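Colleague: Next come a sequence and a model predicted from it.
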Amino acid sequence: LGRIYKLGIVVPKNYTTAVEWFRKSADQGHADAQCYLGIMYERGCGVPKNDATAVEWFRKAADQGDAYAQCNLGIMYASGRGVPQNYATAVVCFRKSADQGYANAQYNLGIMYDNGQGVPKDQKEAVRWYRLAADQGHAKAQFRLGVMYEEGQGFTQDDATAAEWWTKAAKQGHADALNALISLGE
């Protein structure tokens, strides 16, 4: 019911009512509802925006193995929203989610290796995680792979392969990928 009200399926969209239903389920230990309640607090939908409360709900769901919540918790730690910024903890959260095949966590783990945040900088490891996400159709990961091929980061420079990844991302509306393709053609 929470999702029905959140999305406005068959009933008018009502975030406040969605939060009520999410809370009823979350209080009973339902991980999806806990994660959705975290999202509502993170975004300020139906409740006042509160990153610390969002983190609490994400943590409850993450502790139950919810991949989406684990990734969201990692994002909160990486950005220092609702908790002190801690890249190492973010990496732990992303890895738990990524190991379950969640593409956004795989992409975020790639960023952490790419930038050396919470882990030693390792372009080959970044490429590995970007590719896992990109193979699932994650446009941002496809774009990053294109950049890495164009710049020869993690492997031999290859404009043709860069263009292939950018084309995949551009077809999903990724503006930077489209710009990269245009620049490559100049």
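Modeller: Ah, there it is. Numbering: from 1, shown residues only.
Colleague: Show the pLDDT at the residue nearest to Asn115 when sequence neighbours are not counted.
Modeller: Ranked by CB to CB, 6 or more residues apart in numbering and with sequence neighbours excluded, the top spatial neighbour of Asn115 is Lys121, at 6.9 Å. Every residue, glycine included, has its C-beta placed from N, CA and C. Here, the pLDDT recorded for Lys121 equals 96.
Colleague: if I read this right, Lys121 contacts Ile111, doesn't it?
Modeller: No: with contacts defined as CB atoms under 8 Å, Lys121 does not count as touching Ile111, sitting 11.3 Å away.
Colleague: which residues does Met40 contact?
Modeller: With contacts taken as CB atoms under 8 Å, 6 or more residues apart in numbering, Met40 has the following neighbours: 6, 15, 18-19, 22, 46-47.
Colleague: Just name the closest of the residues you listed to Gln136, please.
Modeller: Out of the contacts of Met40, the one with the shortest distance to Gln136 is Lys6. That distance is 24.3 Å, counting by CB to CB.
Colleague: and that closest one, what element?
Modeller: Lys6 belongs to helix 2-7 when elements are defined using DSSP states H and E.
Colleague: Can you give me the buried ones in that helix?
Modeller: Judged by neighbour count using 16 or more other CB atoms under 10 Å, the buried positions of helix 2-7 are 2, 5-6.
Colleague: could you say what helices and strands whichever helix or strand comes after it packs with?
Modeller: Where DSSP H and E defines the elements, the next helix or strand beyond helix 2-7 is helix 15-26. Secondary structure elements in contact with helix 15-26, counted by 3 or more CB pairs under 8 Å, 6 or more residues apart in numbering; DSSP states H and E, are helix 2-7, helix 31-43.
Colleague: Output those helices in TSV, with mean pLDDT and distance to His174 appended to each entry.
Modeller: TSV is the format used below for the helices and strands packed on helix 15-26 (pLDDT from 0 to 100; distance: least, CB to CB, whole Å):
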stretch	mean pLDDT	distance to His174
helix 2-7	93	25
helix 31-43	97	22
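Colleague: what's the closest of those to Gly80?
Modeller: Within the helices and strands packed on helix 15-26, the stretch nearest Gly80 is helix 31-43; the backing value is 13.6 Å (CB to CB).
Colleague: Just give me the residue right at the centre of this protein.
Modeller: Of all residues in the chain, the one closest to the mean position by CA atoms, centre = their mean is Asn104, 3.6 Å from it.
Colleague: Perfect, that will be all.
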